[in-house]
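J.: Here's a sequence, model it:
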Amino acid sequence: MIKFIYVILMNLFRAPYMIPKMRKEADNPEKYNEEERYQLAKHCVKLMKRTGVISTKAYGLENLPQDGGYIMYPNHQGKYDALGIVHTHKKPCSIVMDKAKSNTVLVKEFIDLLGGKRLDKKDPRQALGIINEVAEEVKNGKRFILFPEGGYEFNNRNTLGDFKPGCFKIALKSKMPIIPVALIDSYKVFNSYWIGPVKTQVHYLAPILYEEYKNLRTVEIADLVKSRIQEKLDEILHYSENLNNCY
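T.: So this is what the prediction gives:
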């Protein structure tokens, strides 16, 4: 949290220029195409990373389908999670976010730049509408980030929470690939007491194709995706622990 406040304060001088620029591009998609808007979003992440001395390395980029849409389901650790994915994901992608958390200054502009969707957890009818919208856009080639845990605990130390089955309705409706994403040490950036330089990892895991999950219930898909992410977390954290024990 200290680092989050520090990064915001250190970038305040950019706000009078960057926020109107973000707003302008987000509000005029006919003038600024998806790639241009995505590059501006990535530039904003780059500025925050530089200020906070944050480095993020991606693994498994070869697992991302070259063509067509897909849904990325990452574990959720904090405010940096989506930023780390956007920083490492080359092609434009978007996000589904809790409406209640999406309308603060800068967050609002960032979500709009990505063409994100705001899901109202208190309104089942609106939530169903968003599910249908996202499924249709994924069918048409768009890529989305959706956090199946819904929220996160402060300083969660790479632990997983429960995956909510409902968010996998989008996959079943779109029939497009599911990409499990394992985030490691992302919580340290803005959701811990860590104040020094931070290194995080984004692991794009092998796609789960429709043929593999089409006969599963949403709760079974949730368990499958969670188990894939847990396996990767266990593998990396076990390796890191053994490496530290060597010194």
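
J.: Tell me which residues of the longest helix belonging to the chain come out buried.
T.: Among the segments of the chain that qualify as a helix by DSSP state H, the longest is helix 218-245. By neighbour count, with 16 or more other C-beta atoms under 10 Å as the criterion, the buried positions of helix 218-245 are 218, 221-222, 224-226, 228-229, 232-233, 236. Bear in mind the C-beta positions are built from the backbone N, C-alpha and C, glycine included.

J.: List just the nearest of the residues you listed to G60.
T.: Using C-beta to C-beta, K232 is the member of those that lies nearest G60, at 8.9 Å.

J.: And for the closest one, nearest residue in space, chain neighbours not counted?
T.: Beyond its immediate neighbours in the sequence, the residue positioned closest to K232 (C-beta to C-beta, 6 or more residues apart in numbering) is A182, lying 4.0 Å away.

J.: Next: I179.
T.: With sequence-adjacent residues excluded and distances taken as C-beta to C-beta, 6+ apart, I179 is closest to M72, at 4.6 Å.

J.: what's the answer for I195, then?
T.: In space, and not counting its chain neighbours, I195 is closest to I2: 5.4 Å by C-beta to C-beta, 6+ apart.

J.: and the one you found, how far is that from V225?
T.: To V225, I2 is 32 Å away according to C-beta to C-beta, to the nearest Å.

J.: Could you do N140 as well?
T.: With the distance defined as C-beta to C-beta, N140 ends up 23 Å from V225.

J.: cool, Q39 as well?
T.: Noted for Q39: a distance of 29 Å to V225, by C-beta to C-beta.

J.: Report how far apart the opening and closing residues of stretch 115-124 are.
T.: The first and last residues of stretch 115-124 sit 21 Å apart, counting by C-alpha to C-alpha, to the nearest Å.

J.: Let me see the contact set for K122.
T.: Under the criterion of C-beta atoms under 8 Å, 6 or more residues apart in numbering, K122 has no neighbours.

J.: and it, that one's in a helix?
T.: No. K122 is assigned coil when assessed by DSSP: H, G, I helix; E, B strand; the rest coil, not a helix.
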